[in-house]
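Peer 1: Provided below for reference: sequence and predicted model.
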Amino acid sequence: MSKRLEDFIKNNKYEFDELEPSAGLWDKIEGKLFLDEPQQIIELPKKREAKTFSLGFVLRVAAMVIMVMGIGFVAYIKTQSIGGGAVDYAKINPEFAKQRMHYASLVQTKRTELKTIAKTNPELYKEFSGEIAKMDSTYKRLNQDLATSPNQERVLRAMIRNLQIQTEVLNQQLNVIEQFNEFKSQQKNGTSSI
């Protein structure tokens, strides 16, 4: 099709040349534009100027981005170190994992019992809870060491032994409190019978 169009234009070239506008045509158009209507200035839409940023602004933005990334990185590292201490006890030794769970629940139960007694004997509770707090801090330190220890089974056994000792101490403390309460009640009964 383009071949036929080219041939048509070549064959009729002289007829196209005849249709040129007259020389005075543009003068007539200009005259009508300026005479018929008052001059109107047509405003073309302004092109948006490209914004440039100063070096100081760019450096401030870069510094803020680096600070935010640094804070995010530090927060990530801290959460990893806190969460990284979690160890699957069953992978180390399933039997030890069961024992640790058993003694941990016993310690929790005994602590709950001891807290109920705190209302009647706050001084005694304060003294007893101090001893348990020391043992608990040792247990927590062992738990943290467990993740990085080359002999995790040994550390897990030490944790279980710590929980066993905590259970024994709590039992002794509860027995002391029970005996103390019995002694108080006997004293009240003895004074009321006199």
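Peer 2: Great, that's in hand.
Peer 1: going forward, measure contacts and count neighbours with C-alpha atoms only.
Peer 2: Fine.
Peer 1: let me know how buried Leu163 is, in neighbour terms.
Peer 2: Counted with other C-alpha atoms under 10 Å, the neighbours of Leu163 add up to 24.
Peer 1: who are the contact partners of the closest residue in space to it that isn't next to it in sequence?
Peer 2: Spatial nearest neighbour of Leu163, excluding adjacent residues (C-alpha to C-alpha, 6 or more residues apart in numbering): Tyr103 at 5.7 Å. By C-alpha atoms under 8 Å, 6 or more residues apart in numbering, the contact set of Tyr103 is 160, 163-164, 167.
Peer 1: mind doing that once more with 10 Å?
Peer 2: When contacts are counted by C-alpha atoms under 10 Å, 6 or more residues apart in numbering, Tyr103 touches 109, 159-167.
Peer 1: will you turn the residues you listed into TSV that also has pLDDT?
Peer 2: As requested, these are exported to TSV (pLDDT from 0 to 100):
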residue	pLDDT
Thr109	88
Met159	90
Ile160	89
Arg161	92
Asn162	91
Leu163	90
Gln164	91
Ile165	90
Gln166	88
Thr167	90
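Peer 1: show me just the buried residues among these.
Peer 2: In the contacts of Tyr103, burial by neighbour count holds for 159-167, counting by 16 or more other C-alpha atoms under 10 Å.
Peer 1: domains in the chain, by residue range?
Peer 2: Following automatic domain parsing, the chain resolves into domains at 52-84, 89-188.
Peer 1: which of the ones you listed sits most buried?
Peer 2: With neighbours defined as mean count of other C-alpha atoms under 10 Å, the domains of the chain peak in mean count at domain 89-188, which reaches a mean of 15.
Peer 1: ends of it, what's the gap?
Peer 2: End-to-end distance for domain 89-188: 51 Å, by C-alpha to C-alpha, to the nearest Å.
Peer 1: centre of the chain to that domain, how far?
Peer 2: Put simply, domain 89-188 sits 33 Å off its chain's centre (C-alpha atoms, centre = their mean, to the nearest Å).
Peer 1: residues in contact with Tyr89?
Peer 2: Going by C-alpha under 10 Å, 6+ apart, Tyr89 touches 95-98, 100-101, 146, 152-153, 156.
Peer 1: on that earlier part again, closest to Lys126 out of the contacts of Tyr103?
Peer 2: Among the contacts of Tyr103, Gln166 lies closest to Lys126 (C-alpha to C-alpha), at 15.9 Å.
Peer 1: now do the helix or strand hosting that closest one: which elements does it pack against?
Peer 2: Applying DSSP states H and E as the criterion places Gln166 in helix 152-193. Other elements packing on helix 152-193 under the criterion 3 or more C-alpha pairs under 10 Å, 6 or more residues apart in numbering; DSSP states H and E are helix 89-92, helix 94-117, helix 122-148.
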